[in-house]
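Visitor: Here is the input, now give the coordinates:
(chains A, B, C and D)
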There are 4 protein chains.
Amino acid sequence: MGKGRVEAFTDGVVAIIITIMVLELKVPHGEDFSALVPLWPIFFCYILSFINVGIYWNNLHNMFHTVQRVDGRVLWANLHLLFWLSLMPVTTAFMGENHFAEVPVAVYGVDLAMCAIAYTILVVMLHRLHGQDTTFAKAIGSDRKGKISMAAYIAAIPLTFVSQWIGIALYVAIAAIWFIPDRRFARLLDK
Amino acid sequence: MGKGRVEAFTDGVVAIIITIMVLELKVPHGEDFSALVPLWPIFFCYILSFINVGIYWNNLHNMFHTVQRVDGRVLWANLHLLFWLSLMPVTTAFMGENHFAEVPVAVYGVDLAMCAIAYTILVVMLHRLHGQDTTFAKAIGSDRKGKISMAAYIAAIPLTFVSQWIGIALYVAIAAIWFIPDRRFARLLDK
Amino acid sequence: MGKGRVEAFTDGVVAIIITIMVLELKVPHGEDFSALVPLWPIFFCYILSFINVGIYWNNLHNMFHTVQRVDGRVLWANLHLLFWLSLMPVTTAFMGENHFAEVPVAVYGVDLAMCAIAYTILVVMLHRLHGQDTTFAKAIGSDRKGKISMAAYIAAIPLTFVSQWIGIALYVAIAAIWFIPDRRFARLLDK
Amino acid sequence: MGKGRVEAFTDGVVAIIITIMVLELKVPHGEDFSALVPLWPIFFCYILSFINVGIYWNNLHNMFHTVQRVDGRVLWANLHLLFWLSLMPVTTAFMGENHFAEVPVAVYGVDLAMCAIAYTILVVMLHRLHGQDTTFAKAIGSDRKGKISMAAYIAAIPLTFVSQWIGIALYVAIAAIWFIPDRRFARLLDK
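Guide: This next block holds a predicted model:
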């Protein structure tokens, strides 16, 4: 089974997710600056989620580049990842509209953790299909960065109930290690 | 007429349907766990519909792989299927927001039955165009699984008025026979 | 300039328009059959618009098949058509939610007329670019069916104020002459 | 890294942005002409934004045509541009629903200025990657039109607080210099 249409479908779904998130940004009521002030948490969450979805697109882009074939299991593992990504507009809005209350911040963490788990499952399925000595296996390596992210998201969920700012700090930090193009840092984590 | 653009258009529409379903998941009001509890039927319906649309994408993906050409009738049969699939976000929300009341569960069944009928019409149109001894005809076979699904969805509609849980059990069961990668089961049904 | 990306972009926009129309179908309040009855005009309008957008996709599909190149004018003529098509979800909902009142039916007619005019402009731009003796020019022919549709839509607007049912009958009739695969009829109009 | 999927993803996101803008056009309440009158500022803003997004698609289309390769920086610079473009449906609705009040007009200008800045950053990143004597560098030239637009948008923001009509006049004027196919004008600016 060719990877072409799976790639195209994945790109399509991710493009739609990243764009419809903006539909959760309600048009502010009022016409002066004071109408914009209460929007800052929603806007901050929107930026964070835009970067997170962008990171997934980037990673899927690079990963599928080295993939040679797909089967039914990979297809469903990929749909499973898209399922949790598709919830991001709702969990983002839930966190933003409740001004970083504990439960919404934890729910956002659950979604991020499930995305990270789904991504790891997808990598495992592709690993099995391709075997150890393929371009795919070499490109992915030990996926240390992926595993650290997954662990950090899972840890963030209970820590949110100590203080939600720990959760948010972790979400920002994990986005940063993927986003910031620091080559030494990347080398340290990816070796 | 080439199949390429029909495939791309179909993929695009299915990708949009599977993603905009999430827009029917309204952001919960309130900021503690009790705000999430009333959402479980909506969330359950969302998962069920995500899997159902995923199954259609998977089947269309495999089917179009063996298709060699399309004509005007195939094109409209395909749009007819996309029409009933496009209603899935609304019928899903109708069932979820009314907590599995009888009429909404039956309406969801009507939509699933129409999708199954539209899929069968599409298969028949493609069969006519390709003839008996083609790769397409061999790949599709007797489409026993498709016909069983169609019959079960049609049966589910009146049974919903005996108890809506019979309807829901049937919807879940049919999704399961497509979703669970049980090879013996597949062999039994597909021979 | 290659036609590939214009085709892909057009397909993408049309796929989104045909799918987001369903977002204007509000989830019915209530859980019995009586909740569905007031939806019939909205549902009827949805079917009509789905078929109309489907016809445009079909025609654009066939037309771009014979197109050899595009320039800046064609690109903007195409965007102009997409603009009026993109208004179809709103004009459809306006007509359906007001149960076929005169003004909404006329506004829907204005949108359809503008789509037909935009389509004709696109054909003229492509004609100029390709010249008389090309595959494109032969495939399009005199575009009699397109011109009849445009005239009928323009006529429908004032006739709506005699009775809105004349307008609706014309919209259905024009959709039917494109939709019904009557070869004799097609030959008569297309010669 | 190939440019193909970046192009396809960009086209997808822009197609979705240009189409979901219409979802901010709320279906008018009422069924006579008076229900349509208060919509004119919203409709005017919709046309302006449709043209602006169309211009970006056009420019990205032409620019990526001459691009030979992309790297991680280009990918994020492109996502950065898509971020500001994705806010256009919200800023458009904010300006239209508040009937061109000063703050919303200025906010719309901020979004347009950020799009222009993001576009310039993308051009700089691509310039660095391709070097001086490539087809890309020659096709882009000095990008005088892009720089004038960026300066005009930045200037428009404070001028809006003198009068919002200055802001709107500038937005329309900049759209016009990209939109109107005046070859002498283009030559003057692009040399």
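Visitor: Helices of chain A, residue ranges please.
Guide: A:4-20, A:40-66, A:72-86, A:88-97, A:102-130, A:135-140, A:144-159, A:164-179, A:183-190 (DSSP state H).
Visitor: For chain C, which of these is the nearest?
Guide: Nearest to chain C, of all the helices of chain A, is helix A:4-20, at 8.3 Å by CB to the nearest CB. (Glycine included, C-beta is placed from N, CA and C.)
Visitor: Report whether the closest one contacts chain D.
Guide: Yes: applying CB under 8 Å from any CB of the partner chain, one finds helix A:4-20 touching chain D at A:7, A:8, A:11, A:12, A:14, A:15, A:16, A:18, A:19, A:20.
Visitor: Over to stretch A:122-138?
Guide: No: on the criterion CB under 8 Å from any CB, stretch A:122-138 is out of touch with chain D, staying 14.6 Å away.
Visitor: for that stretch, what is the average pLDDT?
Guide: Stretch A:122-138 comes out with an average pLDDT of 85.
Visitor: one step back: tabulate the residues of helix A:4-20 next to chain D in CSV, adding columns for distance to chain B and neighbour count.
Guide: Below are the residues of helix A:4-20 next to chain D laid out as CSV (distance: CB to the nearest CB, whole Å; neighbours: other CB atoms under 10 Å in any protein chain shown):
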residue, distance to chain B, neighbour count
A:7, 11, 19
A:8, 6, 18
A:11, 9, 21
A:12, 4, 26
A:14, 9, 25
A:15, 8, 27
A:16, 4, 27
A:18, 10, 27
A:19, 9, 26
A:20, 6, 22
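Visitor: With pLDDT as new columns, can the residues you listed be given to me in a markdown table?
Guide: As requested, the residues of helix A:4-20 next to chain D are arranged in a markdown table below (pLDDT from 0 to 100):
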| residue | pLDDT |
| --- | --- |
| A:7 | 86 |
| A:8 | 85 |
| A:11 | 89 |
| A:12 | 90 |
| A:14 | 94 |
| A:15 | 92 |
| A:16 | 93 |
| A:18 | 93 |
| A:19 | 91 |
| A:20 | 89 |
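Visitor: can I get those in CSV with distance to residue C:82?
Guide: Below are those laid out as CSV (distance: CB to CB, whole Å):
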residue, distance to residue C:82
A:7, 26
A:8, 21
A:11, 21
A:12, 18
A:14, 23
A:15, 17
A:16, 18
A:18, 21
A:19, 16
A:20, 19
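Visitor: Quick check: the gap between residue A:110 and residue A:164.
Guide: Taking CB to CB, to the nearest Å as the criterion, residue A:110 is separated from residue A:164 by 14 Å.
Visitor: And for residue A:114?
Guide: For residue A:114, the distance to residue A:164 - CB to CB - is 19 Å.
Visitor: that older thread, please name whichever of the helices of chain A is nearest to residue C:151.
Guide: helix A:4-20 (37.8 Å; CB to CB).
Visitor: got the angle for that closest one vs helix D:72-86?
Guide: 50 degrees (axes from the mean of the first three to the mean of the last three CA atoms, to 10 degrees).
Visitor: quick one: residue A:117 and residue A:150 touch, right?
Guide: Yes: under the criterion of CB atoms under 8 Å, residue A:117 makes contact with residue A:150 at 6.1 Å.
Visitor: of these two, who's got more company?
Guide: residue A:150 (21 against 16; other CB atoms under 10 Å in any protein chain shown).
Visitor: sorry, back to before: when residue A:110 and residue A:164 are compared, which one has more neighbours?
Guide: Neighbours per residue, other CB under 10 Å: of residue A:110 and residue A:164, the larger number sits with residue A:164, 22 against 17.
Visitor: Now do the more buried one against chain B, distance only.
Guide: 10 Å (CB to the nearest CB, to the nearest Å).
Visitor: Next one: that residue, what pLDDT does it get?
Guide: 92.
Visitor: Flag the shaky bits of chain A, pLDDT-wise.
Guide: A:1-2, A:180-191 (pLDDT under 70).
Visitor: Point me to the residue sitting closest to the centre of it.
Guide: residue A:52 (4.4 Å; CA atoms, centre = their mean).
Visitor: For that one, which residues are in contact?
Guide: By CB atoms under 8 Å, 6 or more residues apart in numbering or on different chains, the contact set of residue A:52 is A:88, A:112, A:115, A:171, A:175.
Visitor: cutoff 7 Å now
Guide: By CB atoms under 7 Å, 6 or more residues apart in numbering or on different chains, the residues touching residue A:52 are A:112, A:175.
Visitor: Distance of it relative to chain B?
Guide: 16 Å.
Visitor: try residue A:61
Guide: 16 Å.
Visitor: Ok, residue A:62 next?
Guide: Distance, residue A:62 to chain B, by CB to the nearest CB: 21 Å.
Visitor: residues near the nearest residue to that residue once chain neighbours are set aside, how many?
Guide: Distances taken as CB to CB, 6 or more residues apart in numbering or on different chains place residue A:139 nearest to residue A:62, at 7.6 Å, with adjacent residues excluded. Residues lying near residue A:139 (other CB under 10 Å) number 12.
Visitor: what about residue A:139, distance to residue A:59?
Guide: 11 Å.
Visitor: Next: residue A:4.
Guide: With the distance defined as CB to CB, residue A:4 ends up 19 Å from residue A:59.
Visitor: What of residue A:37?
Guide: Taking CB to CB, one finds residue A:37 at 35 Å from residue A:59.
Visitor: Would you mind telling me which of the two has the busier surroundings?
Guide: residue A:59 (15 against 9).
Visitor: is it true that the residue nearest to residue A:62 touches residue A:66?
Guide: Yes: the criterion here is CB atoms under 7 Å, and residue A:139 meets it with residue A:66 at 4.3 Å.
Visitor: ok, and the closest non-adjacent residue to residue A:111?
Guide: residue A:91 is the one closest to residue A:111 (CB to CB, 6+ apart), at 4.4 Å.
Visitor: what's the neighbour count on the one you found?
Guide: Based on other CB under 10 Å, the number of other residues close to residue A:91 is 23.
Visitor: Quick one: neighbours of residue A:163, just the number.
Guide: 12.
Visitor: returning to that earlier point: overlap of the contact sets of residue A:117 and residue A:150?
Guide: What both residue A:117 and residue A:150 touch, as defined by CB under 7 Å, 6+ apart, is an empty set.
Visitor: Look up how far residue A:100 lies from the residue nearest to residue A:18 when sequence neighbours are not counted.
Guide: Using CB to CB, 6+ apart and skipping the chain neighbours, the partner closest in space to residue A:18 is residue A:53 (4.6 Å). In this view, residue A:53 and residue A:100 are 20 Å apart by CB to CB.
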